[in-house]
Each structure stands twice: as C-alpha cells, then as structure tokens.
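S.K.: Below: sequence and its predicted model.
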Amino acid sequence: MSMRFGRVIHFVGLILVLAFTLFPFFWMVTSSLKDQSDLLASPPVWLFTPTLDHYREIFEDPKIISSVMHSLIIATSTTLLAIVLGAPAAYALARFEFRGKSDLWFWFISNRMISPIVLALPVYLLAQTLGLLDTHLVLILIYLTFNLPIVVWICTDQFRSIPSELEQAARLDGASQFLIFWRIYLPLGVPGIAVSAIFSFIFSWNELLYALVLTRRAVQTAPVAATSFMSGYELPWGKIMATGTVIVLPVTIFALLVSRHMVRGLTMGATK
Amino acid sequence: MAFLKIDDVVKRYGDHLVIDRVSLSAEKGEFVVFVGPSGCGKSTLLRMIAGLEEVTDGNISIDGHLVTHVEPAARQVAMVFQSYALYPHMSVKENMAFGLVMAKTPKPEIEKRVANAARILQIEQLLDRKPRQLSGGQRQRVAIGRAIVRDPKLFLFDEPLSNLDAELRSQMRVEIARLHRDLGVTMVYVTHDQIEAMTLADRIVVLRAGKVEQIGTPTDLYERPANTFVAGFIGSPKMNFLEATVTDGTDHTLTLSHPAFVGGAATIPTHAAPRVSRGGKVRAGLRPEHMALGGGQGGTALSLAGEFAENLGGASQVYAQTPDGDTLTILAPGRHVIDKGVPLTVAIDPARVYLFDDAGRAI
Ligand SMILES: Nc1ncnc2c1ncn2[C@@H]1O[C@H](COP(=O)(O)OP(=O)(O)O)[C@@H](O)[C@H]1O
Ligand SMILES: [Mg+2]
C-alpha cells in the first residue's frame, strides 16, 4: 500500500519536473509553427493550423545558416581541444605525485569561480591587441579556458576510479606511460570523457556574452544571430522561435549521440 | 649462484618501516612462499621484486642481473594480482596477448602462445569473452594465463586464491602446483594461509612485522620451528603452549614441572640442558595432532578438565582446560562427546614436545 503510494508520488514528481523543464521547449517549437495572428492571440490558442513560413524565412536568410556553421566550427573545435588537452592533464592529476599538484588542482577549480563578465573587458583588450577580434580562434580560445577545468575535473575523478592495479599490470606487461594512458585509461574513461564533452559542447554552443563582445560580422554565432532579430522596432516572434528550434537541434543530437557512452560499470570485471 | 637474491632490503613509507632488512634467495625452479599475518609486508616485498615499489635500501637481483632500479617490464617477471587486475575492456584473448603486443611479438607467435596457455588452463572456450562475463575462478585462470604467455623468468603471485570459495581454492591450489611442476619455472607466492604455504612450497619464508622469522622447507618449519611465532603459525589447529619450570636436567633430558602433567612433572628427551638453568621457565609446545585421549599406562600424560568437542566428521577437535586455566586443543580421531568438567587424561609423546625459552626462541 505505502509502496504504491510512494510510486505514485515518484511518478507525479517526475511529471512535474518534466513539465517544468519541457514546457518552454514545447512553447518554442509550437510557436515556431504558428502564424502571426495565432502567435499574438490572447488567451493563447492550443489548436492551430501549423505553418512552415518562419522556417522558410530563416532558411532563406543566409545569416542563420552561416551562424549555425560558425557555432558548429567553434563548439566542435573547443570540445576536441578540451578533451585532447584535458584528458592527459587529468591522468597526470589522478595518478602522479608531483610538487604543486594541489595548487594546480585548486587553480583549475578557481577558474570557474570568476564571473565571466568580470573578464570580458580584459579579454576584449587582449584580443584586440593580438588582432584576434571577430575570428573563430578567439572564441575557441576563450571557451577552451572555461571548458578545460570542467574536463580536467570530471576526467580526473573518472580516472581515479580506475583500479591502479590495472596500471601496474600494464607496466609489468611492458606498456609505456603513454600506452597505459592510451590503451587503458582512455577507453575506460569514456563515460567521464563523454560527460565532459557534452558539457563543453553545450557551453560553447550556447555562450552569448563573449560571442557578443568578441565578434562582429565575420563570425556571428547562432545565439548572437537569434538575438539580433530583437534589435528592431518589431519582435518577429515566429522567426525567433524557429531560429531557436534550429539552434537547439544540433546540440540535442550531439548530446543524444554521446550520452550512449555515459554508462556506468565500464571497469566491471577488472577485479575480484 | 641463487636465481633470485634479496639482499638486506628495506622499505619505508615515510617514517613507517614496512620491510626491515630482509635477505633471502631462491634457486632456479624453486617454489618459494611468503607467509605471515595480514599487514606484515608480504605484498610490499613481492611488489619490490616486481619493480612496482621502489626499494629504500638493499639490492635485488634476478638471474644474475642486479635489478634494484630496473623498470618492471625489463625484469621479465609476471605477476598475478590478488584482485586479478584484468583489463575490463579487452577480451580474454586480448588480455593475455597484451604483454606480447607491447613486446612487438609477431602475430602468429602471439596466436600460438595464447592458444597454448589457454589449453593448459582449459579456458579455450572463453577467449572471446570479456572479464565481466567470467566467474571468479575463470578470471583467476585468465590472470594466470596472462602471466604464462609472456614466458617470464619469475612468476609472482599475490594471494591469488583469497577471493575464491573454499572448494575452488583447493582446486586451484592443486592446479598451481601442477603448473609449477609442468613449467619448471621459479615462483614466488604470497599468502596468509599456512595450508597453502605448506602444500605448495619448496621453501617457506615466514614474515612478521617486516622481518624474516624463519626460512625453511615445510617439514623444517613444522618440525624445527625457530620460535613460538613460527610454531604457532605453521600447523593447524595451532600448537598448544605450557609455561613450565625446569626442575632437573641431564645431558639428554630435562625434567619440567607443570600442574597439568600427571604426577606434576615430565621428563623430555633433549640436549637443551646447558641452555637453561634449574628453576628457569620454559615454554613446552604440544601439537594437537600429537596428543591422544586416554593416556596409556606409565606413559607421559596430561591431566585435564574437558570443555567441549567439535565434530569434524572423521575426527574431533577437543578442548580441555589445564589446572591453571589455559585451554588446550587436542585433535582426536573419531567422534567424541565431552561433558564440561569431566576429567580427561591425554597422552603425549615426550620426544614430540617442542621447547622454547622465555623469549620464545627454540632451545
Ligand atoms: N603505499 C603505502 N603507503 C603507506 N603504507 C603502506 C603502503 N602500502 C603498504 N603500506 C603498509 O605497509 C604494511 C605492509 O603492507 P602489505 O605489504 O600490503 O602487507 P601484507 O601484504 O603482508 O598484508 C602495512 O602496514 C601497510 O599499511
Ligand atoms: Mg597483501
């Protein structure tokens, strides 16, 4: 009896959370399919004849397509670089003893304590001096700065959970330090790497502040493009919602693909 | 020259002295067992031989080469870990082949060696499975197989059977003994289980708190333990000890007094007289299997009060109390029911009494 009651509570809770998180999503997607009069109807209409007009409009606008491409280039490069640089660093932090290790560790975490806006002006001046404004590279570099700590953090934790006897067995088997990382830690660290890749990609995909500050016309990312519609005297809601839907799609697909690797228990069977 | 030589080896973790000047050697083909209570440093010593742990002081050589500071892989040793340490993302075959792949062995040679090891260990049908799809005993075999394929100079085992249930453990014990016989290779084996040590070893090294207590064949340790620690550790059930007083001595006997002896005293054949003084204390060691219920006429015997008996099936473990309150264990054939307090006469063979001095050293 109480078991069933508990299950009901559980279920209702789940529904509430889902409704809360998915409603804005639902609203965005449905709004992108409404024509202007349905959009502005008050109270809102739930049943309407869907239209693809807004999508036609944005796909005819080269700005949207190119901004999605820019975002793809930046988010993919950032994520790849963050993993390539972060995973070996995490391995070192997880398995080696060296001087200043805890300081380094704290430095990685403390990077995330600074509010991004605090650094916006210094970063802008730096980028200007280096002649990097309005390039892919400047956003890749700044996003890498924000993502590396997360990658290192998650991967260190993941690598620490791998029994150190595996490393010792590999050493006896004649594997070099690099091969131990490559053949043992990397494959067994896939869940952590997947999680940090998702974080890294989502962050880079959605970031707005630095994208606004550091780029102009040549490199306009998707979030910047979406907000640029709001600058005029009218608010083209349908177009904004359609753009939003288009923007959310790649990151959702990426997350779904990668999340298959976020399984637990990869090291099962190693010991005992 | 000894095949494996450990010379005055010391290991410290910070201030914590874990191995205290240990020296020992093993001949080629010998099966050496390190035995001792948990935490005495057996694994540490083994891992230093493997090269996984740095040596604080002293030297280790294998097959005539000084390897104290040589990389693990270059020592040509293979180790079976207590936890097996199989690579979970690789198949059984890949697990066994990993060391050979690292050594850039040609593919056909790898195939041949893996197939051969799989045949020896009867795991041919498991080669494509992942470790998580194996039972504990099967994982154990794979771990041993991984060691075999590399054809090492030295096999190291760290409590390889401790995770198995009793039946599988004795089965694997027999297989490891067979493997040693068939391969004829030098093995060093760590265990805290004295039965494993006694049944497997050519030579046993008894360790306590980072020090060697005694090195010898199983028979040596059983018949001539160097001290009460070794005497108590080797043999099951454990040896009984009586705190006795020396009352008299000749060239080849000692007379001891203890309230448990029938008549208050017993004469033991020994040449220890010059090493003890009249009125001094000695510890008399009695193995449970050397004691018999119902002492015969005129023989040396103990007069005890029964406590209870444990039925082992074909034999019984009988517990009885001395007049001064110590409990002794007697291994008796057959089944016995012992009522509490019932008087028991227990025959002992004076020639099989072990004698130790006050400090526990054999005399
Ligand atoms: N990495 C380490 N750091 C500090 N102390 C250790 C370390 N490894 C082992 N020890 C200590 O060394 C002693 C011996 O350990 P070990 O060789 O594992 O014992 P055994 O294998 O005989 O049970 C123990 O007291 C243990 O706490
Ligand atoms: Mg141990």
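M.R.: Good, I have the coordinates. Ligands and ions are numbered 1, 2, ... in the order given.
S.K.: just checking, what packs against the helix ranked longest in chain B?
M.R.: The residue-count maximum for a helix in chain B (DSSP state H) belongs to helix B:166-183. For helix B:166-183, the elements it packs on are helix B:107-121, helix B:136-149, helix B:194-200, judged by 3 or more C-beta pairs under 8 Å, 6 or more residues apart in numbering or on different chains; DSSP states H and E. Heads up, the C-betas are built off the backbone N, CA and C, glycines and all.
S.K.: So which bits of the stretch 51-200 of chain B are right by chain A?
M.R.: Contact residues (C-beta under 8 Å from any C-beta of the partner chain) of the stretch 51-200 of chain B with chain A: B:51-52, B:71-73, B:77-79, B:81, B:83-89, B:98-99, B:102-103, B:130-134, B:136, B:139, B:146, B:150, B:163.
S.K.: In helices, which of those appear?
M.R.: Among these, the members falling in helices (DSSP H) are B:98, B:99, B:102, B:136, B:139, B:146.
S.K.: Emit the PyMOL select command for whichever of the residues you listed are buried.
M.R.: To isolate the buried members of these in PyMOL, using 16 or more other C-beta atoms under 10 Å in any protein chain shown:
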select buried, chain B and resi 98+99+102+139+146
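S.K.: Of the ones in helices among the residues of the stretch 51-200 of chain B next to chain A, which pair is most distant in space?
M.R.: Taking C-beta to C-beta, the two most distant members of those are B:102 and B:136; they sit 26.7 Å apart.
S.K.: Please point out which parts of the helix or strand hosting residue A:212 sit buried.
M.R.: Assigned by DSSP states H and E, residue A:212 falls within helix A:209-214. The neighbour-count check on helix A:209-214 (16+ other C-beta under 10 Å) flags A:210, A:211, A:212, A:213, A:214 as buried.
S.K.: now, which of those sits nearest residue B:8?
M.R.: Using C-beta to C-beta, residue A:210 is the member of the buried residues of helix A:209-214 that sits closest to residue B:8, with 62.8 Å.
S.K.: which residues touch the closest one?
M.R.: The contact partners of residue A:210, taken as C-beta atoms under 8 Å, 6 or more residues apart in numbering or on different chains, are A:116, A:120, A:123, A:139, A:142, A:143.
S.K.: Just the pLDDT for it.
M.R.: pLDDT recorded at residue A:210 is 93.
S.K.: Look up how far residue B:129 lies from the residue of the stretch 151-300 of chain B found nearest chain A.
M.R.: With C-beta to the nearest C-beta, the shortest gap between the stretch 151-300 of chain B and chain A falls at residue B:163, namely 5.6 Å. Distance of residue B:163 to residue B:129, computed by C-beta to C-beta, to the nearest Å: 19 Å.
S.K.: which SS state does residue A:216 fall under?
M.R.: Secondary structure assignment for residue A:216 (DSSP: H, G, I helix; E, B strand; the rest coil): coil.
S.K.: State the number of residues packed around it.
M.R.: With neighbours defined by other C-beta atoms under 10 Å in any protein chain shown, the count for residue A:216 comes to 10.
S.K.: for the lowest-mean-pLDDT helix or strand in chain A, packing partners?
M.R.: Of all helical and strand segments in chain A, the minimum by mean pLDDT, DSSP states H and E falls on helix A:36-40, at a mean of 82. Other elements packing on helix A:36-40 under the criterion 3+ C-beta pairs under 8 Å, 6+ apart are helix A:237-259.
S.K.: for the helix it packs on, which positions count as buried?
M.R.: A:237-248, A:250-251, A:254-255, A:258.
S.K.: what do you get for stretch B:167-174?
M.R.: B:169, B:172, B:173.
S.K.: Give me the contacts around that stretch.
M.R.: Applying C-beta under 8 Å, 6+ apart, the set of residues contacting stretch B:167-174 is B:136, B:137, B:140, B:160, B:161, B:164, B:196, B:199, B:200.
S.K.: who's in contact with the third one?
M.R.: Shown in contact with residue B:140 (C-beta under 8 Å, 6+ apart): B:80, B:84, B:160, B:161, B:163, B:164, B:172.
S.K.: pretty sure the fifth one contacts residue B:136?
M.R.: By that I understand residue B:163. Yes: counting by C-beta atoms under 8 Å, residue B:163 touches residue B:136, with 5.9 Å between them.
S.K.: Let me know the distance separating the residue nearest to residue B:196 when sequence neighbours are not counted from residue B:200.
M.R.: Nearest non-adjacent residue to residue B:196, counting by C-beta to C-beta, 6 or more residues apart in numbering or on different chains: residue B:173, 6.0 Å away. Per C-beta to C-beta, residue B:173 is found 7 Å from residue B:200.
S.K.: got it, and residue B:59?
M.R.: Looking at residue B:59 against residue B:200, where the rule is C-beta to C-beta, the gap reads 27 Å.
S.K.: the more surrounded of these two?
M.R.: More crowded of residue B:59 and residue B:200, by other C-beta under 10 Å: residue B:200, with 22 against 15.
S.K.: Look up how far ligand 1 lies from residue B:183.
M.R.: Residue B:183 is 25 Å from ligand 1, where distance means C-beta to the nearest ligand atom, to the nearest Å.
S.K.: That residue and residue B:147 touch, don't they?
M.R.: No: Residue B:183 is beyond contact range of residue B:147, at 10.2 Å (criterion: C-beta under 8 Å).
S.K.: Could you report the neighbour count for the residue in the stretch 101-250 of chain A positioned nearest to ligand 1?
M.R.: The nearest approach of the stretch 101-250 of chain A to ligand 1 comes at residue A:164, 10.2 Å away (C-beta to the nearest ligand atom). Applying other C-beta under 10 Å, we find 12 residues neighbouring residue A:164.
S.K.: And for residue A:45?
M.R.: Neighbourhood size, residue A:45 [other C-beta under 10 Å]: 12.
S.K.: circling back to that earlier point, now do the contacts for the residue of the stretch 151-300 of chain B closest to chain A.
M.R.: Contacts for residue B:163 (C-beta under 8 Å, 6+ apart) come out as A:272, B:82, B:83, B:84, B:136, B:140.
S.K.: at 10 Å what do you get?
M.R.: Neighbouring residues of residue B:163 by C-beta atoms under 10 Å, 6 or more residues apart in numbering or on different chains: A:271, A:272, B:82, B:83, B:84, B:136, B:137, B:139, B:140, B:169.
S.K.: Of the residues you listed, which is the nearest to ligand 1?
M.R.: Nearest to ligand 1 out of those is residue B:82 (C-beta to the nearest ligand atom; 8.5 Å).
S.K.: Quick check: which element contains the spatially most central residue of chain A?
M.R.: By C-alpha atoms, centre = their mean, chain A has its centre lying nearest to residue A:202, at 1.6 Å. If you go by DSSP H and E, residue A:202 is part of helix A:190-206.
S.K.: Who are the packing partners of that helix?
M.R.: On a contact count with 3 or more C-beta pairs under 10 Å, 6 or more residues apart in numbering or on different chains; DSSP states H and E, helix A:190-206 meets helix A:62-95, helix A:136-160, helix A:222-228, helix A:237-259.
S.K.: now these in TSV, with distance to chain B?
M.R.: As requested, the helices and strands packed on helix A:190-206 are exported to TSV (distance: least, C-beta to the nearest C-beta, whole Å):
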stretch	distance to chain B
helix A:62-95	13
helix A:136-160	14
helix A:222-228	37
helix A:237-259	18
